[in-house]
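Engineer: model this:
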Amino acid sequence: MANLTCKDYGFECGYVTEGEEGDVVDSFRDHMETEHGIEYSREAILQFIMRKQGL
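Structural biologist: Below you'll find the model as predicted:
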């Protein structure tokens, strides 16, 4: 299971997504683009997840 939060990346935003890795990537990408105007690639978000898990 993976999870990401906006606060972990410097945003004053309470958004949290968790679940299967693919779902978390899609959800976080959509949120970041819609709410913060930032487009991340799938690979970049996968890197966020891997770093958070200490991989």
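Engineer: and residue 3, what element?
Structural biologist: strand 2-5 (DSSP states H and E).
Engineer: quick one: mean pLDDT over the helix or strand following that strand.
Structural biologist: Sequence-wise, the next helix or strand downstream of strand 2-5 (DSSP H and E) is strand 16-19. If you average the pLDDT over strand 16-19, you get 96.
Engineer: go on, stretch 27-39?
Structural biologist: 96.
Engineer: what sits up against it?
Structural biologist: Defining contact as Cβ atoms under 8 Å, 6 or more residues apart in numbering, one finds that stretch 27-39 is touched by 4, 6, 11, 13, 15, 17, 19, 40, 42, 45, 48. In short, each C-beta sits where N, CA and C put it, glycine included.
Engineer: which SS state does the closest residue to residue 46 other than its chain neighbours fall under?
Structural biologist: Nearest residue to residue 46 in three dimensions, chain neighbours excluded: residue 25, at 6.3 Å (Cβ to Cβ, 6 or more residues apart in numbering). Following DSSP: H, G, I helix; E, B strand; the rest coil, residue 25 is assigned to helix.
Engineer: circling back: buried subset of the contacts of stretch 27-39?
Structural biologist: 4, 6, 17, 40, 45, 48 (16 or more other Cβ atoms under 10 Å).
Engineer: any chance of JSON lines for the residues you listed, columns distance to residue 32?
Structural biologist: Shown next, in JSON lines, are these (distance: Cβ to Cβ, whole Å):
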{"residue": "4", "distance to residue 32": "9"}
{"residue": "6", "distance to residue 32": "8"}
{"residue": "17", "distance to residue 32": "10"}
{"residue": "40", "distance to residue 32": "6"}
{"residue": "45", "distance to residue 32": "8"}
{"residue": "48", "distance to residue 32": "10"}
